[in-house]
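Asks: Fold the stuff below for me.
(one chain, ligands or ions: 2)
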Amino acid sequence: MKIGLFGYGKMGKMIEQIAQGRGHSIVAKIDDPSQDVDYASMDVAIDFSTPEAAFDNITNCFKNKVPVISGTTGWLDKYSQAIKICEDNKSAFIYASNFSLGVNIFFELNKHLAKMMGGLNQYKVAMEEIHHTQKLDAPSGTAITLAEGIIENTKYKNWELEKSNDSTISITSLREGMVPGTHSIAYTSSVDTIEIKHEAHNREGFALGAVIASEWIQGKTGVFSMKDVLNLS
Ligand SMILES: NC(=O)C1=CN([C@@H]2O[C@H](COP(=O)(O)OP(=O)(O)OC[C@H]3O[C@@H](n4cnc5c(N)ncnc54)[C@H](O)[C@@H]3O)[C@@H](O)[C@H]2O)C=CC1
Ligand SMILES: O=C(O)C1=N[C@H](C(=O)O)C[C@H](O)C1
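Replies: Ligands and ions are numbered 1, 2, ... in the order given. Model (predicted):
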C-alpha cells in the first residue's frame, strides 16, 4: 500500500514506522499547507495533523478520490460537511477519536457500564483525561466519544469541562509531561466508587490501529468507523 501522511509529527512518525514494518511505503509526508501534494501516487491518506488543518487535508483528498483515515481531534464541528464532500466524490473515510484496539474495547465497556448505571440515581459520573503538555485541544477527542457513550445510555444530556450537575458530565482535562493518553470514568455514591480506566503506555497502539484501518478501507466507498474495522459488537 502506498500511504500519504498528512501531519508528520509525533503520530506521523510512529505511523511511518508501523506501516513500513507491515510492508507498506510512505509516498508523501505533508507537514505544511504550502507543500505540493501528488494525490495520484497514494492508495490512502492518513491524517494526524492539527485541528485547523484537518478539514482541508481530508476534503482535498476526497476531491482527488483518495480514501482517508483521520485521527486528528478538535475539528469535528465540520464533520458533517466533510462527510457530504466524501459522499459527493464517492470516496471513503474513517474518523476515530482513538484508533487503538484497547480504547475501542474501552468505548464498548463504557457504554455497557453506563447502561447498568443509568437507572441508579445514587451514583454521579465524572471523567478525567490526562495528556502531554503539547496537546492543542481539550477535552480530548476520546473523552468526548466516551461522554457521548454515557449520554446515549443515561439521563445525562451533555458534558462540560469541570462543571457538573444532574444532567451534565464533568470532564477534567489535565496536561502533564509526556503522557500519551489516560482516560478514566468514575461513578461515585456516598458509600463507594466504581471506576474504569484506560492508560496508553505509548503511541504504538494508535498508529497500528490507523494502519489496520488503512488496509481495511482499500477498495471500499463510504463512511465507516473503527467498529466496522474491528468487528466489535
Ligand atoms: N485518533 C487517535 O488515535 C489519535 C489522535 N491524535 C490526534 O492526532 C493529531 C496529531 O497528533 P500528534 O502527532 O501528537 O501532533 P504533533 O503536533 O506532533 O503533529 C502534528 C503535525 O501536523 C503538522 N501540520 C501543521 N499544519 C499542517 C497541515 N496544514 N498539513 C499537514 N500537517 C500539518 C505539524 O507541523 C505537526 O508536525 C492531534 O489532533 C491529536 O489529538 C493523536 C494520537 C492518537
Ligand atoms: O493528542 C494526543 O496525544 C491524543 N489525542 C487523541 C484524543 O484527543 O483523544 C487520542 C489519544 O488520547 C492521544
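Asks: For the rest of this, base every contact and every neighbour count on C-alpha atoms.
Replies: Noted.
Asks: List the residues that contact the residue nearest the centre of the chain.
Replies: The C-alpha lying nearest the average C-alpha coordinate of the chain belongs to residue 97 (C-alpha atoms, centre = their mean; 1.2 Å). Residues counted as contacts of residue 97 (C-alpha atoms under 8 Å, 6 or more residues apart in numbering) are 71, 72, 73, 141, 142, 145.
Asks: now the third one, nearest residue through space, not along the chain?
Replies: It stands for residue 73. In space, and not counting its chain neighbours, residue 73 is closest to residue 141: 5.4 Å by C-alpha to C-alpha, 6 or more residues apart in numbering.
Asks: Hmm, that neighbour is touching residue 74, no?
Replies: Yes. Contact status for residue 141 versus residue 74: in contact at 6.7 Å, counting by C-alpha atoms under 8 Å.
Asks: Would you mark the buried spots in the top helix by length along the chain?
Replies: In the chain, ranked by residue count with DSSP state H as the criterion, the top helix is helix 101-117. Residues of helix 101-117 classed as buried: 101, 103, 104, 106, 107, 108, 110, 111, 113, 114, 115, 117 (neighbour count, 16 or more other C-alpha atoms under 10 Å).
Asks: any idea which of the residues you listed is the one closest to ligand 1?
Replies: residue 103 (8.8 Å; C-alpha to the nearest ligand atom).
Asks: ok, the closest one touching residue 205?
Replies: No. Between residue 103 and residue 205 there is no contact, the gap being 9.1 Å when judged by C-alpha under 8 Å.
Asks: what's around the closest residue in space to residue 123 that isn't next to it in sequence, how many residues?
Replies: Closest residue in space to residue 123, ignoring its immediate chain neighbours: residue 189 at 4.6 Å, by C-alpha to C-alpha, 6+ apart. Per other C-alpha atoms under 10 Å, the neighbour tally for residue 189 reads 14.
Asks: ok, residue 189 - contacts?
Replies: Residue 189 is in contact with 122, 123, 124, counting by C-alpha under 8 Å, 6+ apart.
Asks: Model confidence at residue 228, what's the number?
Replies: At residue 228, the pLDDT value in this model is 96.
Asks: Could you show which parts of this structure are in contact with ligand 2?
Replies: Within the chain, the positions lying close to ligand 2 (C-alpha under 6 Å from any ligand atom) are 73, 97, 98, 135, 140, 141, 142, 180, 181.
Asks: ok now do the third one, which residues does it touch?
Replies: Residues in contact with residue 98, defined by C-alpha under 8 Å, 6+ apart, are 71, 104, 141, 142, 206.
Asks: Would you format those residues as TSV with distance to residue 170, pLDDT and secondary structure included?
Replies: Converted to TSV, those look like this (distance: C-alpha to C-alpha, whole Å; pLDDT from 0 to 100; DSSP: H, G, I helix; E, B strand; the rest coil):
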residue	distance to residue 170	pLDDT	secondary structure
71	24	98	coil
104	22	98	helix
141	15	98	helix
142	14	98	helix
206	25	98	helix
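Asks: Just want to check the distance between the residue nearest to residue 123 and residue 79.
Replies: Residue 189 sits 37 Å away from residue 79, going by C-alpha to C-alpha, to the nearest Å.
Asks: likewise residue 219?
Replies: 22 Å.
Asks: do residue 212 as well
Replies: From residue 212 to residue 79 the distance is 22 Å (C-alpha to C-alpha).
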